[in-house]
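> quick one, structure for this:
(one chain, ligands or ions: 1)
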Amino acid sequence: MLYDDSHTGSRLRRLARPWGMTDILVLGAGYTGMMAALGIARRSKTARVTLLNPSTRFTERLRQHQVAAGQELGNHQIPQLVEPAGVRFVKGWAAGIDTQRRRVVLSDGRDLPYDTLVYAIGSSTQAVNYAFTIDDPQLAAHLRDHPTGVLTVCGAGLTGIEAATEVAEAYPRMRVRLISRGEPGSMMGPKARAHLMRALDRLDIEVRTGVNVTKVLPDAIELDGSELVGTDGTLWTTGVRVAPLAAQAGITTDDTGRVVVDSTLRSVSHPEIYAIGDAAAIRQSYGVIHGTCQSGIPTAAHTAESIARQLRGKAPQPFRFGYLHQPVSLGRKDAVIQFTYADDTPRRWYLKGMAAIMYKEAVSSSPLTFYRSRMAIPARMTGLTGGRRNRLA
Ligand SMILES: Cc1cc2nc3c(=O)[nH]c(=O)nc-3n(C[C@H](O)[C@H](O)[C@H](O)COP(=O)(O)OP(=O)(O)OC[C@H]3O[C@@H](n4cnc5c(N)ncnc54)[C@H](O)[C@@H]3O)c2cc1C
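Coordinates of the predicted model:
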């Protein structure tokens, strides 16, 4: 098999598996794929670890709302972060998985072999006609070109709140409207929620709740009862989807495209495939984990340990995770952190203001700090197993 393994794009080399090595292929170099690749390389001397991603630049998804508001983020280059640890980086887009031959087929015709596959392709917001999503590279330019226009943000989940506040702060003359079925911060306790509502008020964000958006038009959105609300741009933040790569390969997925895994994070239909992060449907005793970095990083650390165990002839162990917090930025000058029980229901404790800003900044930057220092946190040391609230079946 011939493939181009230089991320600059010119060199072609024949790829042969070194004797005695096991091919571990990690699909996607986001927060979890990076952590898994580094963790496996660190723990297993007999693993040849390959990390596939469409770009050499690391996407800080946790900061997509900052990008939308026109901020420049650091240019973190994945090969520089992983190659010193012995991980081979391949730039490319996975277009198909051949589970019979155990190969991932790339969009340019190359293919990559695997003995074990780590599926870490993340998720995205469902696309809606005439609306931007938070990952749309054209959103920042649109906002820059309409600094006094109206932006309608549909959905008051964490992405909707972070985007609305970030944009309102960056463009004080823009009219930002937050439209949602539910109340902003409904998953938080009363004090954290009250702080959040004060921040929306201070930033002059018009909040409209209890309504359904039935259609997005080029210059308006339509609500229940055919009510039209004019807008210069719409940001759609609800309805998370995972690309159908696994489903198309015959791997068992749920109705959002996430790979259904067993208690050890291996696909229920293809045990040679681990799924982690947003791309995995992981059940705990309190329910299925929703996609966050907070839960994704432990899935990656656990998978690295499991693969290392398997290479030593041992069985992988069950994964356990419990939530710790809901960190929400409210622009650059405010934030609120709701601490939670393992099942993500709110505790009494929360942070606001400067303490919350520093906390949110620390959690948003910490994965990159780990990658730079080539650390892989042992899964058991994260302490986020959920304790008594998350007992194994
Ligand atoms: C605005 C915003 C704020 C957020 N804030 C928080 C927060 O404060 N705390 C928190 O815990 N979580 C937060 N999240 C959620 C968090 O960003 C995700 O849960 C996290 O990024 C999931 O990591 P991942 O590795 O599964 O996916 P990603 O980080 O999305 O990485 C997936 C990678 O796979 C690559 N890929 C996709 N398809 C293919 C393919 N076919 N072939 C090859 N590569 C592919 C992508 O290019 C990407 O590099 C936030 C999300 C958003 C959008």
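
> so who does whatever residue of the stretch 151-300 of the chain ends up closest to the ligand touch?
The ligand sits closest to residue 277 of the stretch 151-300 of the chain, with a gap of 2.3 Å, by CB to the nearest ligand atom. C-betas here are computed from N, CA, C, even on glycine. For residue 277, the contacting residues are 28, 30-33, 120, 122, 291, 296, 299-300, by CB atoms under 8 Å, 6 or more residues apart in numbering.

> for residue 183, same thing?
Contacts of residue 183 by CB under 8 Å, 6+ apart are 156, 193, 209.

> which of those fall in helices?
Using DSSP state H, the subset of those located in helices is residue 193.

> any idea which of the contacts of residue 183 has the most stuff around it?
residue 156 (25 neighbours; other CB atoms under 10 Å).

> report pLDDT for that residue.
Looking at residue 156, its pLDDT is 96.

> now it: how far from residue 238?
Note on residue 156: its distance to residue 238, by CB to CB, to the nearest Å, is 9 Å.

> need the contact list for the residue of the chain found nearest the ligand.
At 1.7 Å from the ligand, residue 30 is the closest residue in the chain, using CB to the nearest ligand atom. The contact partners of residue 30, by CB under 8 Å, 6+ apart, come to 53, 58-59, 61, 120-122, 277.

> kindly indicate which of those lies nearest residue 77.
residue 58 (7.3 Å; CB to CB).

> for that closest one, which non-adjacent residue is spatially closest?
Of all residues not flanking residue 58 in the chain, residue 76 sits nearest, at 4.1 Å (CB to CB, 6 or more residues apart in numbering).

> I'd assumed residue 56 was in contact with that neighbour.
No. Using CB atoms under 8 Å, residue 76 makes no contact with residue 56, being 9.6 Å away.

> next up, phi/psi of residue 67, please.
With angles defined as degrees, to the nearest 10, residue 67 sits at phi -60, psi -40.

> give me the pLDDT for it.
Model confidence at residue 67 (pLDDT) stands at 96.

> for residue 374, same thing?
55.

> any stretches of the stretch 1-150 of the chain with poor pLDDT?
Applying pLDDT under 70 to the stretch 1-150 of the chain picks out residues 1-19.

> got the residues of it near the ligand?
27-33, 52-54, 59, 61-62, 64-65, 93-94, 120-122, 134 (CB under 6 Å from any ligand atom).

> from those, which land in helices?
Reading helices off these with DSSP H, I get 31-33, 64-65.

> looking at the residues you listed, spot the one nearest residue 322.
Comparing these against residue 322 with CB to CB places residue 32 closest, at 17.6 Å.

> now residue 29: how far from residue 218?
36 Å.

> quick one, which of the two is more surrounded?
Higher neighbour count among residue 29 and residue 218: residue 29, with 32 against 9, using other CB under 10 Å.

> residues touching the more buried one, list them.
Per CB under 8 Å, 6+ apart, neighbours of residue 29: 37, 51-53, 58, 78, 82, 89, 120.

> repeat that for 6 Å
Residue 29 makes contacts with 51, 53, 78, as judged by CB atoms under 6 Å, 6 or more residues apart in numbering.

> TSV for these, including neighbour count and distance to residue 346?
Output for those, formatted as TSV (neighbours: other CB atoms under 10 Å; distance: CB to CB, whole Å):
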residue	neighbour count	distance to residue 346
51	29	37
53	28	35
78	24	36
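
> rewinding a little: now the ones in helices among the residues of the stretch 1-150 of the chain next to the ligand as CSV including neighbour count?
Output for these, formatted as CSV (neighbours: other CB atoms under 10 Å):
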residue, neighbour count
31, 27
32, 32
33, 27
64, 22
65, 25
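
> among those residues, which pair sits farthest apart?
Spatial extent of these (CB to CB) is set by the pair 33 and 65 at 21.8 Å.

> for residue 256, pull up the helix or strand it's in.
Assigned by DSSP states H and E, residue 256 belongs to no helix or strand.

> let's have the chain start at 25 instead
Yes, from this point I'll number from 25; that puts the last item at residue 280.
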